[in-house]
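Trainee: Structure for this input, please:
(4 chains)
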Number of protein chains: 2
Amino acid sequence: MDEGGNEAFAADEETLREGIGRRPITLADVAREARVGESTVSRVLRSHGSFSEKTRARVEAAVARLGYVPNRIAGTLASTGSRLIGIVIPSLTNIVFPDLLRGATAALEQEGFQSVIAVTDYDQDKEEAVVGSLLSWRPAGLIVTGLEHNPGTRRRLMASGVRVAELLDVDGPGLDIVVGYSNRAAGEASARHLAGRGYRRIGYIGHDLTKDKRAAKRYAGFREGLSAAGLSLAAEERVASPSSVEAGRHGLETLLARVPDLDAAYFSNDDMALGGYFHCLAHGLSVPGRLALFGYNGLDVGRLMPQPLATIRTPRVEAGATAARLLCTGGPATVVDLGFELIEGATA
Amino acid sequence: MDEGGNEAFAADEETLREGIGRRPITLADVAREARVGESTVSRVLRSHGSFSEKTRARVEAAVARLGYVPNRIAGTLASTGSRLIGIVIPSLTNIVFPDLLRGATAALEQEGFQSVIAVTDYDQDKEEAVVGSLLSWRPAGLIVTGLEHNPGTRRRLMASGVRVAELLDVDGPGLDIVVGYSNRAAGEASARHLAGRGYRRIGYIGHDLTKDKRAAKRYAGFREGLSAAGLSLAAEERVASPSSVEAGRHGLETLLARVPDLDAAYFSNDDMALGGYFHCLAHGLSVPGRLALFGYNGLDVGRLMPQPLATIRTPRVEAGATAARLLCTGGPATVVDLGFELIEGATA
DNA sequence: CATCGATGTGGCAGCGCTGCCAATCCGGAT
DNA sequence: ATCCGGATTGGCAGCGCTGCCACATCGATG
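Mentor: Predicted structure coming up:
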């Protein structure tokens, strides 16, 4: 929808001031004002079909004069597709999901789509509820996080006939479009890296893995990686709260109190690892001499620590953007594995 | 919309499998299936008006059997209000805005509203465009960030007759509902605090203040606060990039190279301050002995640093929630100043 | 000069739902 | 038996727009 020239704007106060109680301007009003048919106005506004240059000018002038704003609700009902994409994420607290949103909204904007978002708090029942709620807006597509959904969610997604993209995980079967990377492989790579550096007494500090399935997959991959290297997890600590800097700091503190002779700590993500780093700084534990630290996600903050954090960079912004583009353009069901990158850093 | 009992679900594969190409189930289908009128189905689904218990059961059974999902697009068009709230934020990179979103979406969910979000990248022209775009969904309300908008945006907001909440700032006139805190006062309080602690050679490290109006207000307030204490800014460094840990770290490095004898640094926010802290750690500058650090926002990460960051905690989640509630319940135009809290920390 | 395709244009029937109103039903009071 | 008022129900006209079709209009063609 083009502006049609601000300078042409000349509506009287009457028309604009507080539309409250006033009948909203409709396309029919514009048609009357421009002395053309409704369909012509519709065609001009959507730049769809043919019309003369003179008509376009007339319509745009009328639009500006009346301050008309098209009603997409009506437009969507009348046409078929909705140019809305629903996005379901588990949390807004972990920067990973805003990153995903950022990639998705940027790509969607380009394609002329709008995003409706919903947050599940890592709760599958809530996911089912919000999926239902989003579907009632008849979106052109849905972006959800992860591959694990309860049967109700799965059923609704299948039955809706709406395109679905599942993000940030490729370890398992998807419903339609899958864009992400292997969390299991990331965990494994982390273990290989630590083992390769000679660490032997390795601990794990994580958060609630029953809800965060991707963290659970990294954990499983990590253990496998250790096994493959002839090692096993020396100790672990799971904090009950969601992942956070605080959880990482306290988790490491607790773990070291119980098992003081660890030589490396693997965290469920960078926030946790940063907390662990702060613990080491606060208690004079040299990193990685006394204790090595390894995270996950490759947040900016890790790169800027006095010693860059050893971690794995995940392309989450790209995942959001890729998924959005695939949904808009509508190709066949696919799995896109964007991979990840191990960052050696200086903490391990 | 209640689930109506998963166990009652017994649709044949025929009905559910890949709705593609299949005519979607409408309310009329449900009415036929339940052998009642359309209005009755509508009443039952919205629990609005009166109907017998027997009818409710029949309708809910039919809904479950057919896997019906109400079409809110149609519902919204037919009724008046839309149960959509548009949220416009400048960025998803800075955790402050996801925090705002979090507060807002949580509150909206309770009230049965859905949020549509749009990101402006701190660009006022883009803000105008996305406001137009959001208005075309005929939202029940709009949440925007800050009080500064270009004339076009202002005009659209006024003319739409839609309730508007402007967030995170109270320093200036608002259009309708205003929920936030004084950035100017926060800057001033920071200056008073540093001056009170005896710091005399105080530098400022900030990002692009032409786009981030609230950071600019803090900066102005800070300078005023210094003046009031008989001091003035010893030096300042503005990085061209958006605020980030990296910008803070490099900003401080640059500033110290130019003006080595600073005794305190005021950052435009906590991310920047964290970067500054990392610089100090990396270069063995004792904090606050050699250099004091002061941030803004009160992020969790600041609290967990080996030395808790001196900063100002802003109630941004609460601001989102408050604004959402005010928009939903629809009271008169108001200004809600949620205030802020100065956290002394240990870095200043 | 009739014919033709390309280009503009307007009319109008829906999209799926809600809101209003009229119709019907029911139990108790007369 | 008759009437009354509330509870329950169905019919149907829109909500504002788009998609389809019919209808000009016009220069070019045979």
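Trainee: Tell me where the model's unsure across the stretch 51-200 of chain A.
Mentor: Filtered on pLDDT under 70, the stretch 51-200 of chain A yields no residues whatsoever.
Trainee: all helices for it, in order.
Mentor: Here the stretch 51-200 of chain A has its helices, by DSSP state H, counting those that start in this stretch, at A:53-66, A:72-78, A:96-111, A:124-135, A:151-160, A:183-196.
Trainee: So which bits of the shortest one are buried?
Mentor: Right, the one you point to is helix A:72-78. Buried residues in helix A:72-78, counted by 16 or more other CB atoms under 10 Å in any protein chain shown: A:72-77. Quick note: C-beta positions are derived from backbone N, CA and C, even for glycine.
Trainee: try the fourth one
Mentor: Buried residues in helix A:124-135, defined by neighbour count with 16+ other CB under 10 Å: A:124, A:126-135.
Trainee: Determine if any part of stretch A:340-348 is in contact with chain B.
Mentor: No: Stretch A:340-348 is not in contact with chain B by CB under 8 Å from any CB of the partner chain; minimum separation 10.9 Å.
Trainee: Residues touching that stretch, excluding its own?
Mentor: Contact with stretch A:340-348 is made by A:181-182, A:185-186, A:189-190, A:193-194, A:197, A:199, A:264, A:273, A:277, A:287-288, A:292-294, A:298, A:302-303, A:305, A:307-315, as judged by CB atoms under 8 Å, 6 or more residues apart in numbering or on different chains.
Trainee: Also stretch A:214-234?
Mentor: For stretch A:214-234, the external contacting residues (CB under 8 Å, 6+ apart) are A:146, A:168-169, A:171, A:182-192, A:195-196, A:200-204, A:206-207, A:209-210, A:243, A:259, A:262, A:266, A:268-269, A:296.
Trainee: Now narrow these to whatever sits close to DNA strand D.
Mentor: Of the residues in the contacts of stretch A:214-234, proximity to DNA strand D by CB under 7 Å from any atom of the strand holds for none.
Trainee: Just the buried ones from those?
Mentor: Of the contacts of stretch A:214-234, these count as buried by 16+ other CB under 10 Å: A:146, A:168-169, A:171, A:182-192, A:195, A:201-204, A:206-207, A:209, A:243, A:262, A:266, A:268-269, A:296.
Trainee: any idea how far the residue lying closest to A:Leu175 once chain neighbours are set aside is from DNA strand C?
Mentor: What sits nearest to A:Leu175 in space, not counting adjacent residues and going by CB to CB, 6 or more residues apart in numbering or on different chains, is A:Val164, at 5.2 Å. The gap separating A:Val164 from DNA strand C is 21 Å, by CB to the nearest atom of the strand, to the nearest Å.
Trainee: who touches A:Val164 in this structure?
Mentor: Counting by CB under 8 Å, 6+ apart, A:Val164 has contacts A:141-144, A:157, A:175-177.
Trainee: Nearest the geometric middle of chain A, what residue?
Mentor: In chain A, the residue lying closest to the centroid (CA atoms, centre = their mean) is A:Leu100, at 2.7 Å.
Trainee: how close does that one get to A:Gly302?
Mentor: 18 Å (CB to CB, to the nearest Å).
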